[in-house]
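Engineer: Pasting a predicted model and its sequence here:
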Amino acid sequence: MTRVLTGITTSGTPHLGNYVGAVRPALAASRAPGVESFYFLADLHSLVKVQDAARVQRSTLEIAATWLAAGLEPDKVWFYRQSDIPEISELNWFLTCVAGKGVLNRAHAYKASVDRNRAEEQDDDAGISAGLFMYPVLMAADILLFNADKVPVGRDQVQHIEMARDFGQRFNHLFGGEYFTLPEAAIEENVATLPGLDGRKMSKSYDNTIPLFAPRDEMRKLIASIVTDSRLPGEAKEVEGSHVFQLYQAFASAEETAQMRQAFAEGIGWGDAKQKLFERIDTEVAPLRERYQALMAKPGEIESILRDGARRLREKYATPFLAELRQAVGLRDLSAQPEARDASVQKSAPPSFKQYRDTDNRFYFKFLDGNGVLLVQSNGFDSPKEAGQLIAVLKRSDRADAMETPEINVLVPVQDVLKALEQLRDAEA
């Protein structure tokens with residue numbers, strides 16, 4: 001069985017971006033043969049940004065009702081609230097103790113906050129909580145506790161999946177076992193991220209969302225307020241970069257999308273285009289809205305569904321697996337004899353370079369030591385050949401000044417990098 005895990009942070013009212021980017025594709029994937037699906041309400045994550053208790057509670061209820069209204073069947077999938085699984089928090093600490101700070105320094109959300117502080121001439125960490133900095137570790141615990149194979153995410157979250165792989169790989173190496181499956185990001189290429197009313201990514205943080213279950217009149221008004229250019233009716237309009245077209249495409253069939261593309265070329269007015277967008281969205285959302293309203297009227301039933309899901313999930317997976325991990329790290333019965341580790345496990349793997357293509361379509365590499373610790377992270381290159389050429393240069397390097405290039409970021413003392421390069425050369429000799 002392929003395990004697919006997804007969740008939504010409970011920090012606001014579900015919007016069209018949540019539905020298209022997470023709820024709808026995850027539910028579709030759950031109906032495929034050979035899939036075991038995990039859906040969770042990420043209420044612990046919400047505390048990073050929200051300190052309004054009533055808002056967290058309300059959002060948790062709204063998001064649970066959204067999943068159920070959209071067609072989730074709690075007797076056929078795992079459906080639970082993050083905070084009802086205490087093993088997630090314990091695993092979060094285990095992973096915190098193996099996660100490299102240099103890796104966390106590169107997290108997009110943290111870097112964006114630091115950049116914002118620098119632009120405003122404030123201290124780098126002004127207003128940044130440890131929760132924001134450690135967010136990727138908690139996300140890794142969500143994923144690794146259930147050894148998820150695939151995690152549906154938007155492109156802006158791919159980095160977090162890569163971090164979960166790094167942390168899981170390092171834990172496996174340090175404690176001598178294949179405890180964690182290394183997850184992969186699953187992206188719906190066409191609509192992984194939807195634009196909001198102002199053209200930026202639809203996000204509660206930007207206050208530019210279209211609530212999924214807004215009343216029809218309110219949804220029509222919000223869609224009418226989407227930012228467009230100044231082209232008049234009769235003037236041909238570009239579909240590339242059009243927020244109206246992107247939203248329409250996320251809900252329309254291939255045939256409908258082709259018809260809208262033609263209408264753009266023929267100069268459809270923005271008012272008419274937005275009306276077509278509203279009608280297309282409402283066709284899909286209206287039946288869900290009716291079910292959602294019925295569910296919201298029965299919060300006690302939703303609470304029972306979540307608690308039952310968490311109880312069954314803990315019994316089958318979380319509690320037994322966490323007991324195995326506690327044994328692995330040494331949190332054991334003191335009367336038990338320590339297990340002898342196999343000599344092959346104790347032997348370190350050689351350092352290694354890893355090349356990859358990131359979501360910006362540029363090519364990167366990283367250099368890790370034998371324990372999976374990130375030593376060097378490159379900046380982006382236009383081609384894999386350029387990245388490979390610099391790797392070849394670094395492999396031959398035995399001087400500190402070779403590390404003084406703007407194309408790489410050295411995340412540990414330079415001498416540690418030089419020592420690892422020497423070990424790599426010896427291993428390849």
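Structural biologist: Cool, got the structure.
Engineer: G102: what's it in contact with?
Structural biologist: Each residue near G102 by Cβ atoms under 8 Å, 6 or more residues apart in numbering is listed here: 374, 377, 411-412. Just so you know, the C-beta spots here come from the backbone N, C-alpha and C atoms, and that holds for glycine as well.
Engineer: For these, which single residue is the most surrounded?
Structural biologist: With neighbours defined as other Cβ atoms under 10 Å, the most crowded of these is L374; it has 22 neighbours.
Engineer: I'd assumed F365 was in contact with that residue.
Structural biologist: No. L374 is beyond contact range of F365, at 11.2 Å (criterion: Cβ atoms under 8 Å).
Engineer: what bits of the stretch 201-350 of the chain have low per-residue confidence?
Structural biologist: The model of the stretch 201-350 of the chain has pLDDT under 70 over residues 339-348.
Engineer: Which parts of it are helices?
Structural biologist: In the stretch 201-350 of the chain, the helices defined using DSSP state H, counting those that start in this stretch lie at 216-224, 243-251, 254-265, 270-296, 299-313, 319-329, 343-346.
Engineer: right, and those helices - which one's nearest A119?
Structural biologist: Of all these, the one in closest proximity to A119, counting by Cβ to Cβ, is helix 243-251 (26.0 Å).
Engineer: contact partners of that closest one?
Structural biologist: With contact meaning Cβ under 8 Å, 6+ apart, helix 243-251 is reached by 16, 20, 190-191, 194-196, 199, 223, 226-228, 239, 256-257, 260-261, 264, 270, 273-274, 276-277, 280-281, 284.
Engineer: Can you say which of these are buried?
Structural biologist: 16, 20, 191, 194-196, 199, 223, 226, 239, 257, 260, 264, 270, 273-274, 276-277, 280-281 (16 or more other Cβ atoms under 10 Å).
Engineer: Just flag the most distant two among the contacts of G102.
Structural biologist: Farthest apart among the contacts of G102 by Cβ to Cβ are Q377 and V412. That separation is 10.8 Å.
Engineer: Return the distance of G372 relative to F180.
Structural biologist: The gap separating G372 from F180 is 12 Å, by Cβ to Cβ, to the nearest Å.
Engineer: repeat for T193
Structural biologist: T193 sits 28 Å away from F180, going by Cβ to Cβ.
Engineer: more neighbours, these two?
Structural biologist: Each of T193 and F180 has its neighbours counted (other Cβ under 10 Å); F180 has more, 24 against 19.
Engineer: Just to check, the more buried one is in contact with L145?
Structural biologist: No. With contact defined as Cβ under 8 Å, F180 does not count as touching L145 (9.0 Å).
Engineer: ok so, going back, now for G372 and F180: what residues contact both?
Structural biologist: Contact criterion Cβ under 8 Å, 6+ apart; residues shared by G372 and F180: Q169.
Engineer: What number of residues are in the vicinity of S253?
Structural biologist: If you count neighbours by other Cβ under 10 Å, S253 ends up with 10.
Engineer: Can you give me the neighbour number for the spatially closest residue to L424 that is not a sequence neighbour?
Structural biologist: Nearest residue to L424, sequence neighbours excluded (Cβ to Cβ, 6 or more residues apart in numbering): P351, at 4.6 Å. Residues lying near P351 (other Cβ under 10 Å) number 22.
Engineer: show me what contacts P351?
Structural biologist: P351 makes contacts with 367-370, 375, 420-421, 423-424, 427, as judged by Cβ under 8 Å, 6+ apart.
Engineer: let's see 6 Å
Structural biologist: Contact analysis of P351 by Cβ atoms under 6 Å, 6 or more residues apart in numbering lists 369-370, 420, 423-424.
Engineer: and what of G12?
Structural biologist: When contacts are counted by Cβ under 6 Å, 6+ apart, G12 touches 59, 204.
Engineer: what's it sitting at in phi/psi?
Structural biologist: Main-chain dihedrals, G12, degrees, to the nearest 10: phi -180, psi -180.
Engineer: do the same with D382
Structural biologist: The phi/psi pair for D382 (degrees, to the nearest 10) reads phi -70, psi -20.
Engineer: Give me the nearest residue to it, chain neighbours excluded.
Structural biologist: Closest to D382 by Cβ to Cβ, 6+ apart is R362, at 6.8 Å.
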